[in-house]
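Engineer: Got a sequence here, can you build the structure:
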Amino acid sequence: MKVASLVSYKIIPAISGGEKGIYYFLQYFGKYASITCYTVSENEATEKEHFIATPVLGSSKSKFRYINIFLFFKLRRLLTRSGIKALIIEHPYYGWLGFLLKHFAGIRLIVHSHNIENERFRTMSKWWWKILYYYERFTHRAADMNFFITEEDREYAIRKFNINPQNCIVITYGIENEKAVPLQEKFIAKEHLCNELNLTTDTVLILFNGTLDYPPNREGLDMILSEINPILKKKIALPYKIIVCGLRLPEEYNELKKYQPDNIIYKGFVEDIGFYFKAADIFINPIIEGGGIKTKLVEALAANTPAVSFFTGAYGIPLSVTGNHLKIVEDRNYERFADAIAATALQKKDNIDESFFDHFYWGNIAKKAVGEINNLK
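Structural biologist: Numbers count the residues shown, from 1 in each chain. Down below sits the predicted model:
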């Protein structure tokens, strides 16, 4: 079955976790089946892609790109001419368009959900979340198949949207490496970073990263600064630094300069976040809202870095595949969060379980998605 994907924002090059989630899904999907990506004009396609990026949605800066009725006629023509029989829409926002194309272009509609959007905005106290709930429910119920990023999201959709469980599949966020980063490679990365920061190698490097103007991430940073770190200073005997990486820290934080004496290092946007994941001794994820899987937590674990997370922030990551590499603490229990960091700093370094890579490797995820779509009647 020839497949197309509808992507309403720039994913090439992929920088944020959400962009990587779509880009690598398409990249690996394209290794096993033909897929065309109908997308916006800002994408900078290269010869590395295993999918065809076709700019048909106009600019991602357009205020009307989600309500442009003319897209229906353009896409119906493209789908029909290309013989495409299945369309994946990323997120529910083009639900109306997918619904029309399903009924008037003869395609199978797949909705690829990256989180339960109405819940994400409800936890962020947006007044219009209930409107989005009904639209999201309409979109998922109109689909022939729904891909959810976590089992928790799948169960929510079955229960709240009243969708047939057979039409709901978990297609999680993935990673490219098929095995753990060797401990020696991690030590070398840490050595390089400690030299750069003028630290001794016995310093425990604790990493937090994310897009810092996004409210859930900013709240997580606030909890580190005002709640977790003051407790941690009393709990941990070893020297440590909390390294904060990420785009768009609001100006009022003044690059966290006043927190430098309290073991906080602000790096801002870094070109190679993978290097920081490898170099870190511990990754912390004090996130309690936003929905979906936390891609940075998956990437940290893939780098063989132990992590501490609040319960909500660990959605979609089965403890059965993480061994002793993930400690989960109930939301807002700052005392236990600091205890977990201190305990992780003292534990013996070892490799994350191989089952983690069986579960999260992009190749396995893409094969599963291709098989499910090919089974559509």
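Engineer: what's the worst-scoring helix or strand of the chain on mean pLDDT in contact with?
Structural biologist: Least confident helix or strand of the chain, by mean pLDDT, DSSP states H and E, is helix 117-123 with a mean of 91. Among residues not part of helix 117-123, those counted as contacts by Cβ atoms under 8 Å, 6 or more residues apart in numbering are 91-93, 128-130, 132-133, 136, 156, 216, 288-292. C-beta coordinates here come from the backbone N, C-alpha and C atoms, glycine included.
Engineer: now swap in stretch 311-324 and tell me
Structural biologist: Residues contacting stretch 311-324 (Cβ under 8 Å, 6+ apart): 149-153, 172-173, 220, 285-289, 291-294, 297-298, 301, 306, 326, 328-331, 347, 350, 352-353, 355-356, 358-360.
Engineer: Mind checking which of these are in helices?
Structural biologist: 151-153, 220, 297-298, 301, 355-356, 358-360 (DSSP state H).
Engineer: any low-confidence regions in the stretch 51-200 of the chain?
Structural biologist: For the stretch 51-200 of the chain, no stretch has pLDDT under 70.
Engineer: Quick one: the strands in this protein, in order.
Structural biologist: Listed in chain order, the strands of the chain (DSSP state E) span 3-6, 35-39, 52-55, 86-90, 108-112, 145-148, 168-170, 204-209, 240-245, 264-268, 282-285, 307-310, 326-329.
Engineer: could I get those as TSV with mean neighbour count and distance to Ile12?
Structural biologist: Listed next are the strands of the chain as TSV, based on neighbours: other Cβ atoms under 10 Å; distance: least, Cβ to Cβ, whole Å:
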stretch	mean neighbour count	distance to Ile12
strand 3-6	24	13
strand 35-39	24	8
strand 52-55	16	6
strand 86-90	25	14
strand 108-112	23	17
strand 145-148	25	21
strand 168-170	18	26
strand 204-209	25	21
strand 240-245	22	22
strand 264-268	17	23
strand 282-285	26	27
strand 307-310	26	29
strand 326-329	21	31
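Engineer: Redo these as TSV? Include distance to Tyr253.
Structural biologist: Converted to TSV, the strands of the chain look like this (distance: least, Cβ to Cβ, whole Å):
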stretch	distance to Tyr253
strand 3-6	36
strand 35-39	33
strand 52-55	36
strand 86-90	31
strand 108-112	34
strand 145-148	34
strand 168-170	37
strand 204-209	13
strand 240-245	10
strand 264-268	8
strand 282-285	18
strand 307-310	21
strand 326-329	25
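Engineer: Now do Phe337 against Lys160, distance only.
Structural biologist: Taking Cβ to Cβ, to the nearest Å as the measure, Phe337 falls 30 Å from Lys160.
Engineer: what does Glu251 give?
Structural biologist: Applying Cβ to Cβ to Glu251 and Lys160 gives a distance of 39 Å.
Engineer: of those two, who's got more company?
Structural biologist: Lys160 (15 against 7; other Cβ atoms under 10 Å).
Engineer: Let me see the contact set for the residue nearest to the spatial centre of the chain.
Structural biologist: Computing the C-alpha centroid of the chain and ranking residues by Cα atoms, centre = their mean puts Thr295 first, at 3.2 Å. Contacts for Thr295 (Cβ under 8 Å, 6+ apart) come out as 17-18, 20-21, 173.
Engineer: follow-up on the earlier one: give me the distance from the least confident helix or strand of the chain to the chain's centre.
Structural biologist: 16 Å (Cα atoms, centre = their mean, to the nearest Å).
Engineer: Show me how to select, in ChimeraX, the buried members of the contacts of stretch 311-324.
Structural biologist: Entered in ChimeraX, the line below selects the buried ones among the contacts of stretch 311-324, by 16 or more other Cβ atoms under 10 Å:
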select :149,150,152,153,172,173,220,285,286,287,288,289,291,292,293,294,297,298,301,306,326,328,329,352,353,356,359,360
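Engineer: What does the pLDDT read for Gly17?
Structural biologist: Here the pLDDT value assigned to Gly17 is 86.
Engineer: Quick check, it in contact with Lys296.
Structural biologist: Yes. At 6.0 Å, Gly17 counts as touching Lys296 under the criterion of Cβ atoms under 8 Å.
Engineer: which one of those two has more residues nearby?
Structural biologist: With neighbours defined as other Cβ under 10 Å, Gly17 and Lys296 compare such that Lys296 has more, 25 against 21.
Engineer: I'd say the more buried one and Asn209 touch.
Structural biologist: Yes. Using Cβ under 8 Å, Lys296 is in contact with Asn209, at 5.7 Å.
Engineer: Now list whatever residues contact both of the two.
Structural biologist: Joint contacts of Lys296 and Asn209 (Cβ under 8 Å, 6+ apart) do not exist.
Engineer: now, the most widely separated pair of the contacts of Thr295?
Structural biologist: Gly18 and Tyr173 (9.4 Å; Cβ to Cβ).
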